[in-house]
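Undergrad: Sequence first, then the predicted structure, then my questions.
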Amino acid sequence: MSAILELQNVSRAFGGIKAVNDVSFKLQEGEIVALIGPNGAGKTTLVNAITGVHTPTAGKVLFEGQDVTRQKPFQAARRGLARTFQIVQPFPRMTVLENVAASALFGGHPESVAEAHEHAARELDFVGLGHVAHSPASALTLPNRKRLELAKSLAMSPKVLLLDEVNAGLNATEIDGALDLIRRIAARGVSILIIEHLMKVVLSLSSRVLVLHHGELIAEGPPAEMVHDRKVIEAYLGPKFAERFQKEMAGA
Amino acid sequence: MGFAQILANGMVLGTLYACIAIGFSLVWGVLNVINMLHGSFIVLGGYLTYFAWAYTGISPVLILPFVAALLFGLGYGLQYLFINKVVSAPVLTTLTLTFGLDMILYNLMTVFFTATPRRVSMEFGRLEFWGVAMPVDRLIGMGLALLLTALLFVVLKTSRIGRAIVAVRMDREAAALMGIKVNHIYAITFGIAALMAGAAGSVFAMVFPVTTNLSGVFLGKAFVICVIGGLGGVSGALVGGLALGIIESFAGVLIGPQNAITVGFVLMLVLLIVRPQGLVGVKGYE
Amino acid sequence: MAKKSPWPLIVMALWVAALALTPVALGNYEVRIAISIAMFTALALSWNIIGGFTGYPSFATAAFYGIGCYVGALAQRAGVPAALAWLAAAAFVGGVSFLLGSIVLRLKGHYFAIGSIALVDISRLVVSSWGGVTGGGNGLNVPLLEGRPPEVSALVLHVMLVIVVAAFLANLLTDRSRLGFGLRCIEQNEDAADMVGIDTTRYKIAAFVLSAIFPGAVGAVYASWVGYIDPTDSFDILTTVKVPVMAMLGGAGTLLGPVVGAVSFVLLEELFWANFLEWNRAIMGAIVVALIFFLPGGILKLDWRAILRRAPRGKPAERKTG
Amino acid sequence: MPETILEIDGLAAGYGDVQVLWDISLRVEAGAITCIVGSNGAGKTTLLRTISGLIAPRAGSIRLDGAEIGGADPDAVLGAGVAHVPEGRRLFRGLSVRDNLMLGAYLRRDRAQVARDLDFVMETFPILRERAGQDATTMSGGEQQMCAIGRGIMSAPRLLMIDELSLGLAPRLVETLGEALKEVNRTGLSILLVEQDVLTALDLASHGFVIETGRVTMTGASAQLAGDARIREAYMGL
Amino acid sequence: EDVLKIGAPLALTGGLADEGHKQELVWKMWTDKVNAAGGIDVGGTKMKVEVVEYDYQTDGKRAGQLAEKLINDDEVDVLMAPFGSGHTKIVAAVAERYQVPLVACVASSTSVYDQGFEYLFGTLAPNTGMTESMVAEFKAKMPELGTVAIYGRDDVFPKSMATATSDSAKAAGLEVVYEELYPVGAIDHSAALSSIKALAPDWIYMTGYTQDLILGRKQMQDLGIEAPIITMVTGPAYKEFTEGLGELADGVTSSTWWHHATGYTDVAGAWSSTDAFYQDFLEASGGEDPDYVHGSCAAALDVVADAAARAGTTEPVALRDALAATDLETFYGPIKFGANGMNQGREMPIIQVQGEAIKILYPENIADAEMTFLQ
Ligand SMILES: Nc1ncnc2c1ncn2[C@@H]1O[C@H](COP(=O)(O)OP(=O)(O)OP(=O)(O)O)[C@@H](O)[C@H]1O
Ligand SMILES: Nc1ncnc2c1ncn2[C@@H]1O[C@H](COP(=O)(O)OP(=O)(O)OP(=O)(O)O)[C@@H](O)[C@H]1O
Ligand SMILES: [Mg+2]
Ligand SMILES: [Mg+2]
């Protein structure tokens, strides 16, 4: 199985601060990888660097083997390299359906406006927003906005999906629903890089966890190991939660 | 001709320009409103000063504070009654609103003042030093302009109002949660802007003839200055004003008055592109 | 996406036909009013593409219009037949707007507004400083159109109407094509638009150019009609602000909004100017103010589509529907 | 029985034509940490916004130590002693951490005491002293959350309301913040907490309310709530 | 209908409002005067005269629109042009198209008249005439006059004056050491004047709108710029200029097309002598002196009346031909239109502010003072 997305020594600095520093990893086709790390570690910046929002100051981004380091966001989207926003960004005064149709039309493969709407409708049903298809995006509740974000990125029929804290602000039960959705997305053969502070998500979804700290990868491995990793506990989990999660893993 | 003389001309003109632009910059920066009324405020200040002087004979320097106070009231009122209602609307809406208000004010002024040029004619003569000739009235104007600017600077930097203004600019709702009366602060800000415009008008009337037709010109200058200097209230306007004054002064001599103004505009456009925050403006005001 | 009703088309067709008939039905003065209605309708429709659909508060209309005036005038003085001169003007302005657009469209919000206003002033200053070619402050005499007054006005009116129709079609196609869809996305959230794969730069420039060529043509036609143009009248800041106001008055971002807006505005202006000499400017101002407060979405606000498309004011969620 | 600091009765509120809160009644115990839990869109934020005067209530009363504050302007509410740390921090861009904190004390005249409080905040959150000069909004999420809480404390409230304490924060930071809050609470400051992570919430608070679609559906001591089957099922995914 | 209808678009509001009101005033004076005398005799019938006027708000588009309204709705027999060469051009285009005679009383730039328009006539004489006589006169009064600096507003009238002066000066062997225009938006003249100061010319010639001239003169003073001759066209012709400047105005020269001190007697038209007009005007204006705008416009109406009388009809084409054949002595001076429709061969006064008063230096026959020099 081959790497669909590969980062080679990617760095991104803002003036003084190196938000991302010499990060390298491979995302294999069809796998779900989690990216965790303290606030300000550089996770969002990394996503921005991959999708061309902020071009890396050093290093290479390879998508399906080809160099896309200097691409523009819209190009990334068209290639099938979709992402969601940590701060959800819908088109507020369009209906939910139009929002998704936009992605289908421009990010997906060129189709007519009409087709785009049909495609959008399908994706909405898939994420379970069919019932609110015609209400303005601004009227959605937070979890539904997150689902909308997912639908939008799915409508671009992506190969890789970068999820930046799509579950933040959901409570444990709501998360269960979200997990199921993400699994179904993965089942469609989409490779996923998921950023999350909710360990429940990380632990139950990912086959592999990357830990970012001060812009650098400090650890990498299966979830079960990570919750015991001293560095990770020190930098990220903290003793109390580490204990809680270790229990959960043991329980599961 | 003397380099010093050109520079001097430019600097004097520049300070007056700064005085013209400050209020505009403040409203733009804080309320995020492009105030099309600004030019007319200045003209109004000029006319009021002229008539007060013409009928009472009191020195315009003494009249200035009253004119300023009057315009503060006007500005506060307009903001509180009209602009506040749409202050968070997109630029097109607010700009159009202030334009409509300006049409009214302008019409009132043409009816009551006519377009006849008015000038407070007090001959102060001039000073000469190192071959540089400086009209005294301009020096006075410059002095007043600087004084006002400094005053405003201190107020904004040190006073609670100053801090409140900054907070409101950044995030209305969060500011409200700090116990700041947002609408009041907006109105105050607009009032201060009008006040500065009125004062600028007074100063202007001591040096130049004012006519209603100038309001458009003043507005244009304010645009240019704000963009060149940047929206940071006082410092931006000061730098922008001086820059423009000096540039126009040199351009006028080197490539002829014909193109002097064009140079200013072109510079502005260039800055808009390469440095939207202006020469000294703080990033994030955009 | 709103459903495509045929009504805008029908209404528009009837309206244009009505205007086209004024020369046979009414006197020259009314025809002249019809002409200025047509002129401003064309301008407002053009503005609608950049200002309405794309949500970029452009005040560059007068720049395009003015450049159009001069290109048309100069071409005609150089012996180019009127019709060709008009097309040339449109084409030239299109090119200019492409260049200018790729510069000023990097700006957003207030900065774009200022930038676009600056375009008007700069073009005016350039035209007046460039006396050798443009006659500077002296202005330019343009060869008068041949024919008796009624014929000339009728001709001008019909040409203006052709431009109106063209501009309207441009709006229609934009509205119903992926271009329009993309522009509306940009209007609502440019970053997100970028994210869903819209080449925002290209789309914005396209919109800017579309909103420029028709004013260019209008200017050229106007020039050969009045027979004399000068910088101050051609690059008039009042024109540049009036046009967006008209579009908003009718309903920016809608198809018929600019049309309705232009008509009502011009007629109102006629009315007040005829009856309140001294105060007409103040009255227009009052109307503008009232418009902002009482018709924020424009006259066509009641059109339910406008509810989804109009510029955001106050809490968006207060307009929850569905 | 312990005295209450905040009393809400029959409160209704909403946005435009959407009513969000229906007949909310609850008591917040003085000197304690109380938490509000509830699924998304339940109306928790709306409740806090109504208390702090950002939204006018449509019915009902809000009393602080018996004095009516319902419908008062935000500055009046804050003056009365209720501070609100909004969802998503809302720090002031372009202002230093210190200035942000000082804005919390905007309404206060007692300079000396303000200075002492500033010191206290920086003791509680040492990172803030470290970054005092930095533009607050360039700090990481967690640091911003501390700054926001500090800003709340700076207005010397008697009741501190915090919306979404742990939203988007690394677990370790949540822990630290929790400790810090307990710290602050020991100084006698009552705290009203809105929190999605029910475990964390109930662990911090002594008392809790559950809000569902704009109505209070459950209330009780944390331990008791934590044990409740419905809560475990609805909010802990257990 | 036995009324001679005269249409007049006026700038009663906006930038040129003051000028518009001047025209309005004389329109009224003239109609009252003529109608009081029973009107004019056109082909045997006594016709009253009526001026139909509208405000065009100093907006060129509107001026044209109004001209059309006057022709179509009010069916005027003849049009009077508004103030200024620019707006005259716009109205002229309309008049030409409708073939309605248009008399311009405040447009002096030849560029207005050289479009081959058949129906356009102007009572002001070409600027060139003005500048040549001025250069000649000054050279005569000041033989050592060698250098001149020319500074003008980039606007139809001032620009053409500047160019004309520069040509006449060169032709007369003067050296033009500075020749620049300032754009319409200019509010300060330090730069230009500082350059001029460095050149120390014998003669400073500035032309522009009154407010610019007031400021220009003052800034010369402020910057210590002195020259034997300072000419500001057409500043001294306006009372706003002398009022705005006070003693600073003293010594400033200008040329003008007419001055009320010009004593033409027993002439045709509504007023039998310049003085008669002057007296009436003082009354009508409440004691203010008339300037050339008043004079020229009143005379323009005399021309119309005269033409109508000779044509014996108000039919436009006949009226036009009659106008073309005009050869009239008015209180304002002789009026005779050249091929391009412009008033020919008048000797235009050169005036100078001396103390409070406006004195005439030229032509000799009406001169009432000796030229004084500023240095
Ligand atoms: N546009 C920017 N300009 C300057 N600094 C930035 C910018 N964006 C991010 N940073 C800095 O880069 C660092 C990493 O930020 P980033 O948002 O990637 O962190 P994160 O891992 O996503 O944190 P969180 O988990 O809270 O979202 C932070 O210190 C932040 O201040
Ligand atoms: N500005 C607004 N305009 C209209 N409706 C709103 C607005 N803000 C929130 N709502 C609606 O009010 C309801 C309650 O929202 P609120 O934010 O109070 O819920 P919450 O309990 O805070 O949820 P969360 O856990 O996401 O913060 C939701 O249905 C939401 O859609
Ligand atoms: Mg992040
Ligand atoms: Mg909330």
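TA: Yep, that arrived. Ligands and ions are numbered 1, 2, ... in the order given.
Undergrad: What about chain B, which residue is the most distant from its middle?
TA: Distance from the C-alpha centroid of chain B, by C-alpha atoms, centre = their mean, peaks at B:L177 (31.8 Å).
Undergrad: Which residue lies closest in space to it, excluding its sequence neighbours?
TA: Nearest residue to B:L177 in three dimensions, chain neighbours excluded: D:H84, at 5.2 Å (C-beta to C-beta, 6 or more residues apart in numbering or on different chains). No exception for glycine: its C-beta is placed from N, CA and C like everyone else's.
Undergrad: ok, now C:P231?
TA: Counting by C-beta to C-beta, 6+ apart, the residue nearest C:P231 is C:S128, at 4.3 Å.
Undergrad: was I right about B:V203 contacting B:L64?
TA: Yes. Counting by C-beta atoms under 8 Å, B:V203 does reach B:L64; the two are 7.2 Å apart.
Undergrad: higher neighbour count, those two?
TA: B:V203 (31 against 24; other C-beta atoms under 10 Å in any protein chain shown).
Undergrad: All the helices of chain A, in order from the start?
TA: Under the criterion DSSP state H, chain A contains helices at A:43-51, A:73-79, A:96-102, A:113-127, A:142-155, A:172-187, A:199-205, A:223-226, A:230-232, A:239-251.
Undergrad: Show the model's pLDDT score for residue 1.
TA: I'll assume chain A. pLDDT for A:M1: 50.
Undergrad: my question was about chain D
TA: Looking at D:M1, the pLDDT reads 53.
Undergrad: Point me to the residue of the stretch 101-250 of chain B nearest chain A.
TA: Closest residue of the stretch 101-250 of chain B to chain A, C-beta to the nearest C-beta: B:D171 (14.8 Å).
Undergrad: same question, the stretch 151-300 of chain C
TA: C:G197 (3.4 Å).
Undergrad: just chain E next, same as before
TA: E:K61 (37.3 Å).
Undergrad: What lies in contact with the helix or strand where that residue lies?
TA: Per DSSP states H and E, E:K61 falls inside helix E:60-72. The contact list for helix E:60-72 (C-beta atoms under 8 Å, 6 or more residues apart in numbering or on different chains) reads C:27-29, C:32, C:36, C:149, C:226, C:230, C:232-233, C:273, E:7-9, E:52, E:54, E:56, E:76, E:79, E:82, E:86-87, E:90-91, E:93-95, E:98, E:100.
Undergrad: one step back: give me every residue that touches the residue of the stretch 151-300 of chain C closest to chain A.
TA: C:G197 touches A:74-75, A:77-78, A:103, A:106-108, A:156, counting by C-beta under 8 Å, 6+ apart.
Undergrad: Of these, which is the nearest to D:S206?
TA: A:S103 (46.7 Å; C-beta to C-beta).
Undergrad: any chance you could map the strands in chain B?
TA: B:126-129, B:132-135 (DSSP state E).
Undergrad: Of the ones you listed, which stretch is the most buried?
TA: strand B:132-135 (a mean of 20; mean count of other C-beta atoms under 10 Å in any protein chain shown).
Undergrad: For it, which strands pair with it and how are they oriented?
TA: strand B:126-129 (antiparallel) (DSSP bridges).
Undergrad: Tell me how many other residues surround residue 228.
TA: As the question left the chain open, I've gone with chain A. Other residues close to A:H228 by other C-beta under 10 Å number 14.
Undergrad: sorry, should have said chain D
TA: By other C-beta under 10 Å, neighbour count at D:D228 equals 16.
Undergrad: out of everything not next to it in sequence, what's closest to it?
TA: D:D228's closest residue in space is D:M218 (C-beta to C-beta, 6+ apart), at 7.1 Å.
Undergrad: wait, isn't the one you found in contact with D:Q224?
TA: No. Using C-beta under 8 Å, D:M218 makes no contact with D:Q224, being 9.6 Å away.
Undergrad: With neighbour numbers in mind, choose between these two.
TA: A count of neighbours by other C-beta under 10 Å puts D:M218 above the other of D:M218 and D:Q224, at 17 against 14.
Undergrad: who touches the more buried one in this structure?
TA: D:209-210, D:225, D:228, D:230-231.
Undergrad: repeat for C:S97
TA: C:60, C:64, C:208-209, C:211-213.
Undergrad: In helices only, show me these.
TA: Counting by DSSP H, the contacts of C:S97 contribute C:64, C:208-209, C:211-213 to helices.
Undergrad: Out of those residues, who's the most crowded?
TA: C:F64 (35 neighbours).
Undergrad: ok, that residue to ligand 2 distance?
TA: Distance, C:F64 to ligand 2, by C-beta to the nearest ligand atom, to the nearest Å: 39 Å.
Undergrad: Equivalent analysis for E:A299, please.
TA: 72 Å.
Undergrad: thought the residue nearest to C:P231 was touching C:G139?
TA: No. The pair C:S128 / C:G139 is not scored as a contact, 9.4 Å apart, by C-beta under 8 Å.
Undergrad: Could you tell me which residues touch both of the two?
TA: With C-beta under 8 Å, 6+ apart, C:S128 and C:G139 have common neighbours C:P231.
Undergrad: Does the helix-or-strand element of chain D with minimal mean pLDDT reach chain A?
TA: When each helix and strand of chain D is scored by mean pLDDT, DSSP states H and E, helix D:229-235 comes last, with a mean of 78. Yes. Under the criterion of C-beta under 8 Å from any C-beta of the partner chain, chain A is reached by helix D:229-235 at D:233-235.
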